[in-house]
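Asks: Structural data only, the sequence is not supplied:
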């Protein structure tokens, strides 16, 4: 995919909580893939 093919769109307010939760989960999975399982959150809680 070329960068020029991407379009940035604003997150709708009603979707914001789910969006933040999905970003936290994705970051946690990446962290654990690199450093191993962790009970602690690797990223601050925004919600």
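Replies: Right, received. Where do you want to start? It should be emphasised that the depicted structure is a prediction, and the values quoted were computed from it without experimental measurement.
Asks: Tell me where the model's unsure across the chain.
Replies: Low-confidence segments of the chain (pLDDT under 70): 1-2, 42-47.
Asks: Tell me where it has strands.
Replies: In the chain, no segments count as strands under DSSP state E.
Asks: residue nearest the centroid of it?
Replies: residue 23 (1.3 Å; CA atoms, centre = their mean).
Asks: how close does that residue get to residue 32?
Replies: According to CB to CB, to the nearest Å, residue 23 stands 15 Å off from residue 32. The C-beta positions use only the backbone N, C-alpha and C, and glycine is treated the same way.
Asks: Ok, residue 11 next?
Replies: When distance is defined by CB to CB, residue 11 is 25 Å away from residue 32.
Asks: same thing with residue 19?
Replies: Distance from residue 19 to residue 32, by CB to CB: 21 Å.
Asks: for the chain, what spans make up the helices?
Replies: Ranges of helices in the chain, per DSSP state H, are 16-35.
Asks: looking at it, which residue lies furthest from center?
Replies: residue 4 (22.6 Å).
Asks: check contacts around that one.
Replies: Contact criterion CB atoms under 8 Å, 6 or more residues apart in numbering gives no residues in contact with residue 4.
Asks: again with residue 18
Replies: Contact partners of residue 18, counting by CB under 8 Å, 6+ apart, are absent.
Asks: Start at 52, not 1
Replies: I'll keep to 52 as the first residue from here, and by that count the last item is residue 69.
Asks: quick one: it and residue 75, what's the gap?
Replies: To residue 75, residue 69 is 11 Å away according to CB to CB.
Asks: try residue 59
Replies: 20 Å.
Asks: which of these two has more neighbours?
Replies: More crowded of residue 59 and residue 75, by other CB atoms under 10 Å: residue 75, with 17 against 4.
Asks: isn't that one right next to residue 82, touching?
Replies: No: using CB atoms under 8 Å as the test, residue 75 is too far from residue 82 to be in contact (10.4 Å).
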